[in-house]
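In: Need coordinates for the below:
(one chain, ligands or ions: 3)
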Amino acid sequence: MMGNTAKKNLVILGSTGSIGRSTLDIVSRFPDRFKVLALAAGKNVELLAEQIRMFRPQYAVIKDEKDIPRLARLLDSEALQVKLLSGTDGYRHIAALPEADLLVSAIVGAAGLLPTYDAVRAGKTIALANKETLVIAGKIITSEARKSGASILPVDSEHNAVFQALQGHRKDDVKRIILTASGGPFYNWPRDKIEKASPDQALKHPNWSMGAKITIDSATLMNKGLEIIEAHWLFEMPLERIAVVIHPESIIHSMVEYIDGSVIAQMAIPDMRIPIAYALSFPARLKIDLPILDLIELSRLSFLPPDEERFPCLRLAREACARGGTYPAVLNAANEVAVQAFLEKRIGFYDIPEVIQKTLEKHGGEALESLEQVLETDKWAREVSASIIAEKRR
Ligand SMILES: NC(=O)C1=CN([C@@H]2O[C@H](COP(=O)(O)OP(=O)(O)OC[C@H]3O[C@@H](n4cnc5c(N)ncnc54)[C@H](OP(=O)(O)O)[C@@H]3O)[C@@H](O)[C@H]2O)C=CC1
Ligand SMILES: CC(=O)[C@@H](O)[C@H](O)COP(=O)(O)O
Ligand SMILES: [Mn+2]
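Out: Ligands and ions are numbered 1, 2, ... in the order given. As a prediction, the model looks like this:
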């Protein structure tokens, strides 16, 4: 039982990533409020070792077992008290530790699904950054959360904004959710220029500093497509009542429109430590020393409609959500494969939506019944999209 003065025991999946590092920045500012129980990284052994030395968790997990000896060598004898685990079993073990109060789910991609699912089944509070989990298995995750009593607190800036704008209001009074999108680096580029965009250009997000995968998703607008599906599950909102507006300044992080015409927006500087702090401390707020939002200096905020002709991923995501069942899992897996291929310069920018569309066209589609089915669909879609890419390169 958490008292007012008890520290929250945190498990942080993806601690070496952009969200993980921002989370640890917040934790380091509030040593009286939070204790790091477990950390989990992918391959960044050096950074994980540094984090272990600094935060002294009881558990740490790395993806490959073969990296454990190198990780152990980087630790001093005191830090070596940590129990080192590896792989999916390790992530799943720490996700459901009985002594954990809150799990930060910040592994990128479908790899975050199983540990997040375990935390949900264990009835934990989950600060959810890993949107892919809800995209591919939203029905299963939300239904398990209802059964176990798990709370899912959104970290994704738009969903965190919507969550804030919903506080103190009646769900029945909501007319629409309006998600803002920066539009990415290419929102005002013509199609023929976007077509030749390089990974380096796509990785230059105008407002946010994030991991490579989500940054490319922002450039294609697939990020907003995934966020529509995420909002659909998180807020039980029908697809047709989730709108997207391009807002290049990323100051309004999203809005809720009510039946009386009131629109409640959450605004802040684009810094993920703000939504992370809110999720970590909800319903309280933490006093964080960050630059203020200076509206006079900003002077204007702008809004434009999204262009699905230049950014077809938005349409593909909406269609996959409308078709439902296993389609969003196919969309997500094909996107992960295509984004990786783009980053490795094996395909061009507009090959991303093409690969996703072709993969979706090959899919039969089933009603979503089980986690196993999600994993099988994910595997199938990865194989199909990889073969479409291989065929294109022949
Ligand atoms: N960054 C942001 O501002 C935002 C991110 N999100 C979401 O949060 C999640 C994380 O994003 P972000 O922090 O940017 O991503 P990063 O790429 O910066 O970090 C990803 C983290 O996941 C780990 N990881 C990668 N692959 C695997 C794997 N197969 N198994 C286990 N761990 C793995 C990485 O480990 P390592 O580096 O050690 O290999 C790293 O710790 C994504 O789902 C993203 O959509 C949502 C809103 C905003
Ligand atoms: C910070 C965050 O939540 C990201 O999802 C961000 O919103 C990406 O920016 P886009 O609006 O460009 O997708
Ligand atoms: Mn977002």
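
In: For ligand 1, what's the nearest residue on this protein?
Out: Gly17 (1.9 Å; C-beta to the nearest ligand atom). (C-beta placed from N, C-alpha, C; glycine too.)

In: got the contact list for that residue?
Out: Gly17 makes contact with 42, 106-108, 211, according to C-beta atoms under 8 Å, 6 or more residues apart in numbering.

In: switch to 7 Å and redo it
Out: Counting by C-beta atoms under 7 Å, 6 or more residues apart in numbering, Gly17 touches 106, 108, 211.

In: near ligand 2, which residues of the stretch 51-200 of the chain show up?
Out: Residues of the stretch 51-200 of the chain lying close to ligand 2 (C-beta under 6 Å from any ligand atom) are 156-158, 181-182, 184.

In: Turn those residues into TSV, including neighbour count, secondary structure and distance to ligand 3.
Out: Formatted as TSV, those follow (neighbours: other C-beta atoms under 10 Å; DSSP: H, G, I helix; E, B strand; the rest coil; distance: C-beta to the ion, whole Å):
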residue	neighbour count	secondary structure	distance to ligand 3
Asp156	28	coil	4
Ser157	23	helix	5
Glu158	28	helix	5
Ala181	24	strand	9
Ser182	21	coil	9
Gly184	27	coil	12
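
In: Specify which member of those residues is nearest to Asp217.
Out: Nearest to Asp217 among these: Gly184, at 8.7 Å, using C-beta to C-beta.

In: The stretch 51-200 of the chain: helices as residue ranges?
Out: 68-73, 87-95, 113-121, 131-148, 157-166, 191-194, 199-202 (DSSP state H, counting those that start in this stretch).

In: and if you look at the stretch 251-394 of the chain?
Out: 273-281, 295-298, 312-323, 327-343, 351-361, 371-393.

In: close to ligand 1, is the longest one?
Out: No. Among the residues of helix 371-393, none lie within reach of ligand 1 under C-beta under 6 Å from any ligand atom; the closest is 12.3 Å away.

In: picking that back up, show me which of the residues of the stretch 51-200 of the chain next to ligand 2 neighbour ligand 1.
Out: Within those, those near ligand 1 by C-beta under 6 Å from any ligand atom are Asp156.

In: Ligand 2 contacts on the stretch 251-394 of the chain?
Out: So the stretch 251-394 of the chain meets ligand 2 at Met272 (C-beta under 6 Å from any ligand atom).

In: and the stretch 251-394 of the chain, which residues reach ligand 1?
Out: Residues of the stretch 251-394 of the chain lying near ligand 1 (C-beta under 6 Å from any ligand atom): Met272.

In: Any stretches of the stretch 251-394 of the chain with poor pLDDT?
Out: In the predicted model of the stretch 251-394 of the chain, no residue satisfies pLDDT under 70.

In: Nearest spatial neighbour of the residue of it found nearest ligand 3, chain-adjacent residues omitted?
Out: At 8.0 Å from ligand 3, His253 is the closest residue in the stretch 251-394 of the chain, using C-beta to the ion. Of all residues not flanking His253 in the chain, Ala161 sits nearest, at 3.6 Å (C-beta to C-beta, 6 or more residues apart in numbering).

In: ok, so what distance separates the residue of the chain closest to ligand 1 from Phe235?
Out: 25 Å (C-beta to C-beta, to the nearest Å).

In: same deal with Ile126?
Out: 16 Å.

In: Show me which of those two is the more surrounded one.
Out: Ile126 (28 against 18; other C-beta atoms under 10 Å).

In: That one and Ser105 touch, don't they?
Out: Yes. Using C-beta atoms under 7 Å, Ile126 is in contact with Ser105, at 5.7 Å.

In: Give the burial count for Asp294, as a bare number.
Out: There are 9 residues near Asp294, going by other C-beta under 10 Å.

In: brain fart, Asp64
Out: For Asp64, using other C-beta under 10 Å, the count is 12.

In: what's the answer for Lys131, then?
Out: Lys131: 29 neighbours (other C-beta under 10 Å).

In: That one - nearest residue in space that isn't next to it in sequence?
Out: Glu230 is the one closest to Lys131 (C-beta to C-beta, 6+ apart), at 4.5 Å.

In: residues in contact with Val162?
Out: 177, 231, 235, 254, 256.

In: quick one: the last one from ligand 2, how far?
Out: When distance is defined by C-beta to the nearest ligand atom, to the nearest Å, Val256 is 17 Å away from ligand 2.

In: How about the contacts made by the nearest residue to that residue once chain neighbours are set aside?
Out: Of all residues not flanking Val256 in the chain, Ala165 sits nearest, at 4.1 Å (C-beta to C-beta, 6+ apart). The contact partners of Ala165, by C-beta under 7 Å, 6+ apart, come to 255-256, 264-266.

In: circling back to that earlier point, select, out of the helices of the stretch 251-394 of the chain, the one closest to Asn130.
Out: helix 327-343 (11.3 Å).

In: quick one, phi/psi of the residue of the chain closest to ligand 1?
Out: When read as degrees, to the nearest 10, the backbone of Gly17 gives phi -90, psi -180.

In: do the same with the one 4 residues further on
Out: The phi and psi torsions at Arg21 (degrees, to the nearest 10) take the values phi -70, psi -40.

In: ok, now which ones touch it?
Out: Here Arg21 is in contact with no residue (C-beta under 7 Å, 6+ apart).

In: same check, this time on Ala38
Out: 11, 57-60, 94, 97.

In: For those residues, could you give me a markdown table that also reports distance to Val355 and pLDDT?
Out: Below are the contacts of Ala38 laid out as a markdown table (distance: C-beta to C-beta, whole Å; pLDDT from 0 to 100):
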| residue | distance to Val355 | pLDDT |
| --- | --- | --- |
| Val11 | 34 | 98 |
| Pro57 | 39 | 97 |
| Gln58 | 42 | 97 |
| Tyr59 | 38 | 98 |
| Ala60 | 36 | 98 |
| Ile94 | 34 | 98 |
| Leu97 | 39 | 98 |
